[in-house]
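Participant: fold the following for me, if possible:
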Amino acid sequence: MQRRILLAAALAALAFAGTAAHAQDKWPSRPITYIVPFGPGGTTDVLARLVTLKAGPALGTTFVIENKPGAGGSTGSDLTAKAPPDGYTIQGGTISSHAINASLYARLPYDPIRSFQPITMIGSMPNVLVVRADSPYRTLQDVVAAAKTRPGAINYASSGTGTSQHLSGVFFEQMTGGKMVHVPYKSSAESLNALLSGQGADLIFENLAPALPHIKAGKLRALGVTSDRRASALPDVPAIAETLPGFGIVSWQAIFAPAGVPQPVVDRLSTELIRAINDPEVKAKLVAQGVEPSGMSPAELAAFQKAELEKWARVIRTANIKPE
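Facilitator: Numbers count the residues shown, from 1 in each chain. Next up, the predicted model:
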């Protein structure tokens, strides 16, 4: 009798394993939620829609983009961290949500490394210092002079405290000895609107992707890019480092899933998303928006993220930056 019980249990376990493996083989069998932890219209949102539009058909499914802004990307990231690790929830992770915030906030509801499974890096880009076309600031030197001689007279917007847009302003103040007033918003779209309308912002260190259309349309004037060299999308715009040697900050955009997603699902997700990033049409669109395409493997992204966490911990500790 005991033998029969053991045999039945073993057969049941084999059947369950077979069913689980079969279910995994069928992944994905429904749409995949892609959480964007910032508002619509920002870089993370734009890149999510561009890459998933190509990757969806290859995976035989669709991606549903959900914008969950708040706390510099932490609100949406927490939702991802707590989602079932079944491959049906992924998110756009950034320099803010998966590096800066770990040192900016005293307590995050998630661990930026242990709570997530890296999938791939979409790419990186500089920020660009922009003012309205009718602004009295025509050069970077004009802004430097105003920030030093009239401390607090310039308002600079960002998509949130601790974002690369905010820290670009902090670096600028530290390197020039000037003082500006930081005005945080919930998204790039909101901060750009504040600048374009002249309501609440005189300038922004904005991600190149959302700022580029306004620059090309003549609504915004670009004064400098935050990378250590000029951006190919704006070859006539100087790097801020040309005036302030040593100035350099680059934003990055990656894709993460909750920790614990089965390895076969991770492998397929990363394979198809990397293939989408490297698709000639997608790559051309990324470059046109000022993004340097990447396509890192999960292991490469994990190592890169670890280095970024350590780097920004030093920066934030030195500047004593606190969330507002």
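Participant: just how off-centre is the host helix or strand of Ala55 within its chain?
Facilitator: In the assignment (DSSP states H and E), Ala55 maps to helix 43-59. Relative to the chain's own centre, helix 43-59 is displaced by 14 Å; criterion: Cα atoms, centre = their mean, to the nearest Å.
Participant: contacts for it, please.
Facilitator: Contact partners of helix 43-59, identified using Cβ atoms under 8 Å, 6 or more residues apart in numbering, comprise 28, 32, 34, 36-39, 62-63, 65, 67, 73, 92, 94, 122-123, 125, 188, 207, 209-210, 251, 253, 255, 268-269, 272-273, 275-277, 279, 281-282, 285-286, 289, 291. Just so you know, the C-beta spots here come from the backbone N, C-alpha and C atoms, and that holds for glycine as well.
Participant: who are the contact partners of the residue sitting nearest the centre point of the chain?
Facilitator: Ranked by distance to the mean C-alpha position of the chain (Cα atoms, centre = their mean), the top residue is Thr94 at 2.7 Å. Neighbouring residues of Thr94 by Cβ under 8 Å, 6+ apart: Pro37, Phe38, Thr44, Gly73, Ser164, Ser251, Trp252, Gln253, Ala254.
Participant: any chance of a PyMOL selection covering the buried ones in the residues you listed?
Facilitator: Buried residues within these, by 16 or more other Cβ atoms under 10 Å, are selected in PyMOL with:
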select buried, resi 37+38+44+73+164+251+252+253+254
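Participant: as a markdown table, the contacts of Thr94 with pLDDT and distance to Arg138 would be great.
Facilitator: A markdown table is the format used below for the contacts of Thr94 (pLDDT from 0 to 100; distance: Cβ to Cβ, whole Å):
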| residue | pLDDT | distance to Arg138 |
| --- | --- | --- |
| Pro37 | 95 | 35 |
| Phe38 | 90 | 31 |
| Thr44 | 92 | 31 |
| Gly73 | 89 | 33 |
| Ser164 | 86 | 25 |
| Ser251 | 87 | 25 |
| Trp252 | 93 | 30 |
| Gln253 | 95 | 31 |
| Ala254 | 98 | 36 |
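Participant: per-residue confidence at the residue nearest to the centre of the chain?
Facilitator: Per-residue pLDDT puts Thr94 at 93.
Participant: any idea how far it lies from Ser115?
Facilitator: The spacing between Thr94 and Ser115, counted by Cβ to Cβ, to the nearest Å, is 15 Å.
Participant: what comes into contact with stretch 230-250?
Facilitator: Applying Cβ under 8 Å, 6+ apart, the contact partners of stretch 230-250 are 124-129, 140-141, 144, 164, 167-168, 171-172, 175-176, 208, 212, 215, 222-229, 287-290.
Participant: which residues in the stretch 51-200 of the chain form strands?
Facilitator: Along the stretch 51-200 of the chain, the segments classed as strands by DSSP state E, counting those that start in this stretch run 63-67, 89-94, 116-132, 155-158, 181-184.
Participant: about what we covered before: among the contacts of helix 43-59, which ones are buried?
Facilitator: 28, 32, 34, 36-39, 63, 67, 73, 92, 94, 122-123, 125, 188, 207, 209-210, 251, 253, 255, 268-269, 272-273, 276-277, 279, 282, 285-286, 289, 291.
Participant: tell me where the stretch 51-200 of the chain is predicted with low confidence.
Facilitator: Residue ranges of the stretch 51-200 of the chain with pLDDT under 70: none are present.
Participant: at 80 what do you get?
Facilitator: Applying pLDDT under 80 to the stretch 51-200 of the chain picks out residues 162.
Participant: thought Ala102 was touching Pro112?
Facilitator: Yes - using Cβ atoms under 8 Å, Ala102 makes contact with Pro112 at a distance of 4.8 Å.
Participant: joint contacts of those two?
Facilitator: Common neighbours of Ala102 and Pro112, counting by Cβ under 8 Å, 6+ apart, are Leu309.
Participant: tell me where the stretch 201-324 of the chain has strands.
Facilitator: With DSSP E, counting those that start in this stretch as the criterion, the stretch 201-324 of the chain has strands spanning 203-207, 220-225, 250-258, 292-293.
Participant: alpha carbons of the second one, as PDB, please.
Facilitator: It stands for strand 220-225. What follows is strand 220-225, C-alpha atoms only, in PDB (Å, rounded to 0.1, in the frame of the first residue of the first chain):
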ATOM      1  CA  LEU A 220      13.500  75.500 -27.900                       C
ATOM      2  CA  ARG A 221      17.100  76.600 -28.100                       C
ATOM      3  CA  ALA A 222      19.800  74.100 -27.200                       C
ATOM      4  CA  LEU A 223      22.700  75.500 -25.300                       C
ATOM      5  CA  GLY A 224      24.700  72.400 -24.500                       C
ATOM      6  CA  VAL A 225      24.600  68.600 -24.000                       C
END
